[in-house]
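K.L.:
Build me a model from this:
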Amino acid sequence: MREKIFGNIPKTDEMDGRTMARIAYLHDIVGEEFALKPLQVLNADQEELLMLCRNSWKLNMTITRARNQFAQLIAVIFRS
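P.N.:
Alright, predicted model coming up:
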């Protein structure tokens, strides 16, 4: 994994930290079995479907983040 991300760049603690964070992120988002594979789209319909799925995922993530931030704000306001 490190070689795919950084190639032959010398190893540092900062780079190792980034690599471990990336692996942890992929583990949480994708699951245990993940691989960095190029995505090959066969036709225009599949490309549009993929774009819609990505947009939906990003929108859901944004909505969830906004809800969490709003809940934290309400908790701070009404605890005082």
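K.L.:
Run the chain-centre distance for stretch 68-77.
P.N.:
In terms of CA atoms, centre = their mean, to the nearest Å, the centre of stretch 68-77 is found 24 Å from the chain centre.
K.L.:
helix or strand for Thr19, which one?
P.N.:
Assigned by DSSP states H and E, Thr19 belongs to helix 13-29.
K.L.:
Give me the helices and strands touching that helix, please.
P.N.:
Applying 3 or more CB pairs under 8 Å, 6 or more residues apart in numbering; DSSP states H and E, we find helix 13-29 packed against helix 2-6. From N, CA and C alone the C-beta is placed, and that goes for glycine too.
K.L.:
helix/strand/coil for Leu42?
P.N.:
The assignment at Leu42 comes out as coil when based on DSSP: H, G, I helix; E, B strand; the rest coil.
K.L.:
how far away is it from Asn8?
P.N.:
From Leu42 across to Asn8, the span is 34 Å (CB to CB, to the nearest Å).
K.L.:
domain parsing for this protein?
P.N.:
For the chain, automatic domain parsing gives the domain ranges 1-37, 39-80.
K.L.:
Export those domains to CSV and append columns for mean neighbour count.
P.N.:
Shown next, in CSV, are the domains of the chain (neighbours: other CB atoms under 10 Å):
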stretch, mean neighbour count
domain 1-37, 10
domain 39-80, 10
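K.L.:
which of those domains has the lowest average pLDDT?
P.N.:
Ranked by mean pLDDT, these end with domain 1-37 at the bottom, a mean of 69.
K.L.:
Next, the angle helix 13-29 makes with the strand or helix carrying Arg54.
P.N.:
In the assignment (DSSP H and E), Arg54 maps to helix 44-79. Helix 44-79 runs at 100 degrees relative to helix 13-29, counting by axes from the mean of the first three to the mean of the last three CA atoms, to 10 degrees.
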